[in-house]
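*Asks:* Here is a sequence together with a model predicted from it:
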Amino acid sequence: MINIIGISSLSSLNLVAPKSGLVCRLSLKQYTHSTLDEVQQKLNQILLLMGENYDVPTKSILSKCPEETDTAIVYQFCALSILIQKAVKSSSNLIQLSPKNSNGCWDVFVEHETNIVGRLSLRFAVKIVQMITSIDGNAANDGEVAAFIGERFLTLEKSYSDTKLKHEARVILKAAEDRQIPWRRLPGPMPCFQYGYGTHQQPLLGTILGFERHGPVKFADNKATASALLAEAGLPVAYSEGIDTERQAQEFVQRVGFPVVVKPMSGMRGGGVTPNIQNMDQLSRACKKAVKFYPKIRIEKHIEGEDHRLTVFNGKFVGVFRRPNTVMVGDGKSTVGGLIAKENKKPWRNWFGGGPRFQLQKAPVVTDFLKEQGYDWNNVVPAGKNIFLNVVSQGANYQSVSMEEIHPENVKLAERAAKTLGLRIAGIDFLTTDISKPYWETGAVICEVNANPTLAPLSGGSVDRLEEIGRLAFETSCPADQNFALPFIVVLSEDNVGAEKLAAELTAADLLVGHYSKDKTVIGGTVVPASNHKKPSISSVIWNGSVETAIVQENPISIMQHGLEYDICSHLLVEDIPQINGRLSPNVLDLILKTVTHGVIVNRDNPELMAWAENQDQNKIRFAAKGDLQSQMMTELRSAFPDVIRS
């Protein structure tokens with residue numbers, strides 16, 4: 001019944017809405033007026049069902065539903081897409097619906113956080129409408145629709161989880177935004193980002209920022225290398241060996257005795273680690289578990305004490321938290337799953353929306369810990385019986401530790417460990433029976449050093465503290481006293497002459513210039529060809545790590561269809577008011593003006609342009625005759641970037 005005639009993605013800076021989302025042209029097909037009310041009622045039932053089953057604000061969204069039946073159906077379809085997204089905890093909320101046009105179509109805007117989740121939610125909504133409006137009389141009932149939603153919900157939930165910004169990346173990238181340093185997420189399953197245009201471009205993976213060298217990250221990842229380097233530096237580590245077989249593990253135990261710890265030789269976040277092994281049966285299971293994560297195994301003497309994570313930025317200690325075992329006590333009625341659900345309701349496990357960083361997950365590593373104690377998720381735990389879980393990546397137990405509690409010598413130890421491995425951001429896992437005493441008094445040891453440490457538990461649940469930590473982490477890569485802006489000029493003109501003249505002047509200033517227009521893309525004087533049948537884009541210039549200065553000649557039609565490909569530029573040069581379909585479109589100018597950080601040069605010989613400029617912030621705008629626009633822009637650029645563009 002719902003027919004999507006066209007669909008396109010809009011960036012967060014667009015001419016349609018104040019958010020990123022999908023613009024669709026919709027029509028209703030294969031219906032008679034006698035069935036419209038029935039379809040509307042069915043959709044209303046499904047939306048209310050979503051509200052009951054997934055705790056989403058159905059009534060609030062339906063309160064804005066139009067009265068006309070056909071328009072109401074289109075709105076309900078859009079609302080279904082939004083509620084599907086909200087069911088997986090997306091913040092998407094906005095629907096914009098235009099009146100039906102003369103062709104019987106509606107143009108709609110549906111917000112999304114990420115393109116993939118937005119498109120999936122629309123696809124699910126189309127399928128649901130198809131199910132309840134079957135033409136052959138075999139329409140699905142509420143139960144069948146609910147089952148379908150539950151089935152697809154898992155797919156959407158995974159897609160959203162994969163694309164949602166994690167706590168650490170969010171606060172680091174917010175620090176970039178606060179400094180007007182642009183960033184983007186890279187395609188692919190890994191949470192990889194870039195920040196900074198042109199020659200300032202750097203990567204971000206988790207909390208591994210672009211400055212972090214490959215060698216130190218690999219040192220930390222390899223348990224044997226890290227342990228050897230730390231021991232050589234006189235830092236306390238547990239006695240350990242690398243082994244290849246279970247027999248070698250048994251020989252190690254015969255020499256040093258139980259208890260021991262078995263872990264994969266390489267890896268992070270506790271995957272495959274079994275602590276406090278007390279007998280040969282446990283040792284055998286631990287070895288089999290470890291090789292699932294990495295073929296080489298590390299075995300070490302178990303050290304008594306609680307696990308503390310000490311975090312270091314640029315050689316300076318920034319905070320500590322404790323990670324004790326999670327202990328749940330049976331009541332003789334609740335299953336393991338019920339006890340875990342209760343545990344997950346604790347306030348601290350719902351910091352920043354919860355998720356796998358704080359909440360215990362139904363994951364293999366958790367299931368393995370349960371099996372080792374003779375339980376599965378459905379077993380009822382006897383009253384008074386304790387269940388222990390020691391998991392890091394799927395719902396660790398975090399306890400705040402004040403800076404005053406930790407002994408200064410333990411702080412120095414953490415700073416030395418990070419410097420020994422060459423890491424600028426490091427999480428040092430430290431086992432001690434008393435964090436307030438120096439490590440040599442308690443026999444404390446460094447368990448391992450993590451190059452991609454979690455930051456959220458350091459905050460104690462405070463958003464302000466977490467953002468401060470994110471800023472400190474970001475400044476290890478981009479110091480606050482350094483300028484990371486790229487000379488980036490957007491040109492609005494009816495021809496390429498002015499932009500090419502500016503590119504020539506910047507090239508003559510010994511800069512590698514990237515120049516984009518709808519006709520061609522040139523980087524360093526070389527025309528960039530299409531790759532894999534895909535034409536170069538604005539991103540081909542501004543995210544190119546060799547570009548020292550970027551010039552983008554904007555295309556108003558592309559802006560109308562997709563929004564802006566950037567959210568920051570340094571300067572804007574305007575020869576003419578842009579036109580869309582033969583009409584002057586000053587709203588394009590208004591949109592680009594939001595991105596300008598430095599200044600705007602306006603053609604004073606254009607009356608329409610001067611009328612527009614009169615209503616803008618005069619502190620940001622300079623005027624020049626058309627023939628002097630490029631020379632005036634060069635003057636502005638030299639003033640703004642004296643270290644880059646010299647006289």
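*Replies:* Cool, got the structure.

*Asks:* And the strands in the stretch 51-200 of the chain?
*Replies:* Secondary structure of the stretch 51-200 of the chain (DSSP state E, counting those that start in this stretch): strands at 95-97, 106-111, 183-185, 192-195.

*Asks:* Leaving aside the residues adjacent along the chain, what's closest to residue 183?
*Replies:* The shortest distance from residue 183 to any non-neighbouring residue, by C-beta to C-beta, 6 or more residues apart in numbering, is to residue 195 (3.9 Å). Bear in mind the C-beta positions are built from the backbone N, C-alpha and C, glycine included.

*Asks:* Pick the most buried one from the strands of the stretch 51-200 of the chain.
*Replies:* Stretch with highest mean neighbour count among the strands of the stretch 51-200 of the chain: strand 106-111 (a mean of 22; mean count of other C-beta atoms under 10 Å).

*Asks:* That strand packs against which elements?
*Replies:* With contacts taken as 3 or more C-beta pairs under 8 Å, 6 or more residues apart in numbering; DSSP states H and E, strand 106-111 sits against strand 21-28, helix 69-87, strand 95-97, helix 115-132.

*Asks:* can I get these in TSV with mean pLDDT and distance to residue 39?
*Replies:* Listed next are the helices and strands packed on strand 106-111 as TSV, based on pLDDT from 0 to 100; distance: least, C-beta to C-beta, whole Å:
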stretch	mean pLDDT	distance to residue 39
strand 21-28	90	9
helix 69-87	89	6
strand 95-97	91	17
helix 115-132	86	7
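
*Asks:* CSV for the ones you listed, including distance to residue 520?
*Replies:* Listed next are the helices and strands packed on strand 106-111 as CSV, based on distance: least, C-beta to C-beta, whole Å:
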stretch, distance to residue 520
strand 21-28, 28
helix 69-87, 38
strand 95-97, 35
helix 115-132, 27
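
*Asks:* highest average neighbour count across the ones you listed?
*Replies:* helix 69-87 (a mean of 23).

*Asks:* Now do that one and strand 106-111, the angle between them.
*Replies:* Counting by axes from the mean of the first three to the mean of the last three C-alpha atoms, to 10 degrees, helix 69-87 lies at 10 degrees to strand 106-111.

*Asks:* export helix 69-87 as PDB, just CAs?
*Replies:* C-alpha atoms of helix 69-87 as PDB (Å, rounded to 0.1, in the frame of the first residue of the first chain):
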ATOM      1  CA  THR A  69      -7.300   9.700   6.600                       C
ATOM      2  CA  ASP A  70      -4.800   9.200   3.700                       C
ATOM      3  CA  THR A  71      -2.300  11.700   5.100                       C
ATOM      4  CA  ALA A  72      -2.700  10.100   8.500                       C
ATOM      5  CA  ILE A  73      -1.700   6.700   7.100                       C
ATOM      6  CA  VAL A  74       1.500   8.300   5.600                       C
ATOM      7  CA  TYR A  75       2.200   9.900   8.900                       C
ATOM      8  CA  GLN A  76       1.600   6.600  10.800                       C
ATOM      9  CA  PHE A  77       4.000   4.900   8.400                       C
ATOM     10  CA  CYS A  78       6.700   7.500   9.200                       C
ATOM     11  CA  ALA A  79       5.900   7.200  12.900                       C
ATOM     12  CA  LEU A  80       6.400   3.400  12.700                       C
ATOM     13  CA  SER A  81       9.900   4.000  11.300                       C
ATOM     14  CA  ILE A  82      10.700   6.400  14.100                       C
ATOM     15  CA  LEU A  83       9.300   4.100  16.800                       C
ATOM     16  CA  ILE A  84      11.300   1.100  15.400                       C
ATOM     17  CA  GLN A  85      14.400   3.200  15.800                       C
ATOM     18  CA  LYS A  86      13.500   4.400  19.300                       C
ATOM     19  CA  ALA A  87      12.900   0.700  20.300                       C
END
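
*Asks:* Off-centre distance for it?
*Replies:* 27 Å (C-alpha atoms, centre = their mean, to the nearest Å).

*Asks:* counting contacts, what elements does that helix pack onto?
*Replies:* strand 2-10, strand 21-28, helix 33-54, helix 58-62, strand 95-97, strand 106-111, helix 115-132, helix 142-163.

*Asks:* The stretch 201-350 of the chain: strands as residue ranges?
*Replies:* Going by DSSP E, counting those that start in this stretch, the stretch 201-350 of the chain shows strands at 202-205, 208-209, 240-243, 260-264, 274-277, 297-301, 306-313, 316-322, 326-329.

*Asks:* what does stretch 42-49 contact?
*Replies:* Contacts with stretch 42-49, where a contact means C-beta atoms under 8 Å, 6 or more residues apart in numbering, come from 58, 61-62, 73, 76-77, 79-80, 83, 128-129, 132-133, 139, 142, 145-146, 149.

*Asks:* ok, 6 Å please
*Replies:* 58, 76, 132, 145 (C-beta atoms under 6 Å, 6 or more residues apart in numbering).

*Asks:* I figured residue 337 was touching residue 377, is that so?
*Replies:* Yes: contact criterion C-beta atoms under 6 Å: residue 337 and residue 377 qualify, at 4.4 Å.

*Asks:* could you point out where the protein is predicted with low confidence?
*Replies:* Under the criterion pLDDT under 70, the flagged ranges of the chain are 30-34, 134-138, 210-211, 267-270, 356, 391-395, 532, 647.

*Asks:* Let me see the domain layout of it.
*Replies:* 2-163, 324-389, 488-640 (automatic domain parsing).

*Asks:* now these as JSON lines including distance to residue 397?
*Replies:* Supplementary listing: these in JSON lines, determined by distance: least, C-beta to C-beta, whole Å:
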{"stretch": "domain 2-163", "distance to residue 397": "22"}
{"stretch": "domain 324-389", "distance to residue 397": "4"}
{"stretch": "domain 488-640", "distance to residue 397": "39"}
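
*Asks:* can you tell which of those domains is closest to residue 184?
*Replies:* For those, the distance to residue 184 is smallest for domain 488-640, at 7.1 Å, taking C-beta to C-beta.

*Asks:* wait, what's in contact with the residue nearest to residue 183?
*Replies:* Shown in contact with residue 195 (C-beta under 6 Å, 6+ apart): 176, 181, 183, 202.

*Asks:* any idea how far residue 598 is from it?
*Replies:* Separation of residue 195 from residue 598 (C-beta to C-beta, to the nearest Å) stands at 19 Å.

*Asks:* ditto for residue 252
*Replies:* 64 Å.

*Asks:* list the contacts for residue 633?
*Replies:* Counted by C-beta under 6 Å, 6+ apart, residue 633 has contacts 573, 601.

*Asks:* Residue 79 contacts residue 63, doesn't it?
*Replies:* No: using C-beta under 6 Å, residue 79 is not in contact with residue 63; the gap is 10.5 Å.

*Asks:* list residues touching both of these two?
*Replies:* Here residue 79 and residue 63 have no joint contacts, going by C-beta under 6 Å, 6+ apart.

*Asks:* Can I get the helices and strands packed on helix 69-87 in a markdown table including distance to residue 262?
*Replies:* Converted to a markdown table, the helices and strands packed on helix 69-87 look like this (distance: least, C-beta to C-beta, whole Å):
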| stretch | distance to residue 262 |
| --- | --- |
| strand 2-10 | 48 |
| strand 21-28 | 49 |
| helix 33-54 | 41 |
| helix 58-62 | 50 |
| strand 95-97 | 54 |
| strand 106-111 | 48 |
| helix 115-132 | 39 |
| helix 142-163 | 30 |
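
*Asks:* Please name whichever of these is nearest to residue 430.
*Replies:* So among these, helix 142-163 is nearest, using C-beta to C-beta, at 30.4 Å.

*Asks:* So which elements touch the closest one?
*Replies:* Packed against helix 142-163 by the contact rule (3 or more C-beta pairs under 6 Å, 6 or more residues apart in numbering; DSSP states H and E) you find helix 115-132.

*Asks:* got the buried residues for stretch 542-558?
*Replies:* 542-544, 547-556 (16 or more other C-beta atoms under 10 Å).

*Asks:* Same question for stretch 42-53.
*Replies:* For stretch 42-53, burial by neighbour count (16+ other C-beta under 10 Å) applies to 42-44, 46-47, 49-51.
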